[in-house]
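Asker: Please work out how this folds:
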Amino acid sequence: MAFDYPAPFLLLARELRRLPGIGPRSAERIALWILSNKDARPAQLAGALTAAATSIHPCAECGFFATHDLCEICLQPSRSGREMCVVELATDILPLEKTGSFRGLYHALGGRLAPLDHVGPEQLRIEPLLQRIRTGKPTEIILALSADVEGEATTNYLVEILEPLGLPLTRIAHGLPAGGGLEHADQITLQRALSGRRPVAER
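Answerer: Here you go, the predicted model:
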């Protein structure tokens, strides 16, 4: 008769396997560490996970992580009426913010156009973007999307619907590697990409 770990252990390992990049062996090692290491503090870990899941939600304006209706970035009065930087995901905002090169507002689309995955304009936060532009009247709209096929397609779509609004429309210079996302770029690369942005008409 073959024996295995107790059922609670197997349940823990199964849940860990749901995390991105965690395979069966890694999930088993993490579960073993949590249960056998005195520094693991599983109760605190569970409490932190629960607290984060219940208190953090997307900012009603830009889509970044927030604990109230608006995130800390959108709550800063000095940013109102300035440039607006459009990114794909909420996780793209912080790398740009950490460069210190941009002091305007952000807008996360929640993804990018991907017809094969059934992601069209209706699945992205494009209508809220248009509403923010009409009411906030930013001085410039900066498109900071990935430099791959889907990112380019999303950029081109946004250009078509944003150009008629008559606002300065630029995109970050591609100091970013082709096919790479913002979350993998270092701060110097992002700083150069922001400072080297150019009008969309010069594509």
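
Asker: where along this protein do the helices fall?
Answerer: Along the chain, counting by DSSP state H, helices occupy 7-16, 24-36, 42-55, 93-98, 126-136, 149-162, 187-195.

Asker: Redo those helices as a markdown table? Include mean pLDDT, distance to Phe64 and mean neighbour count.
Answerer: Just so you know, the C-beta spots here come from the backbone N, C-alpha and C atoms, and that holds for glycine as well. Shown next, in a markdown table, are the helices of the chain (pLDDT from 0 to 100; distance: least, CB to CB, whole Å; neighbours: other CB atoms under 10 Å):
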| stretch | mean pLDDT | distance to Phe64 | mean neighbour count |
| --- | --- | --- | --- |
| helix 7-16 | 95 | 27 | 14 |
| helix 24-36 | 95 | 28 | 14 |
| helix 42-55 | 95 | 15 | 10 |
| helix 93-98 | 93 | 5 | 18 |
| helix 126-136 | 94 | 13 | 14 |
| helix 149-162 | 92 | 19 | 17 |
| helix 187-195 | 74 | 16 | 17 |
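
Asker: and Val119, which of those helices is closest to it?
Answerer: Shortest separation from Val119 across the helices of the chain is recorded for helix 149-162, at 8.7 Å, computed as CB to CB.

Asker: which outside residues touch the closest one?
Answerer: Residues lying outside helix 149-162 but in contact with it, judged by CB atoms under 8 Å, 6 or more residues apart in numbering, are 86, 88, 109, 112-114, 121, 124, 126, 130, 133, 141, 143, 145, 169, 171, 200.

Asker: let's see 6 Å
Answerer: Contacts of helix 149-162 with the rest of the structure, by CB atoms under 6 Å, 6 or more residues apart in numbering, involve 112-114, 141, 143, 145, 169, 200.

Asker: next one: stretch 6-13
Answerer: 27-28, 31.

Asker: between those residues, which is closest to Gly181?
Answerer: Taking CB to CB as the measure, Ala27 is the one of the contacts of stretch 6-13 closest to Gly181, at 25.4 Å.

Asker: OK, contacts around that closest one?
Answerer: When contacts are counted by CB under 6 Å, 6+ apart, Ala27 is found next to 13, 16-17.

Asker: So the chain: which segments form each domain?
Answerer: Domain assignment for the chain, taken from automatic domain parsing, gives 7-55, 58-202.

Asker: Now Pro42: closest residue in space, sequence neighbours ignored.
Answerer: The spatially closest residue to Pro42, leaving aside those adjacent along the chain, is Ile34, at 5.3 Å (CB to CB, 6 or more residues apart in numbering).
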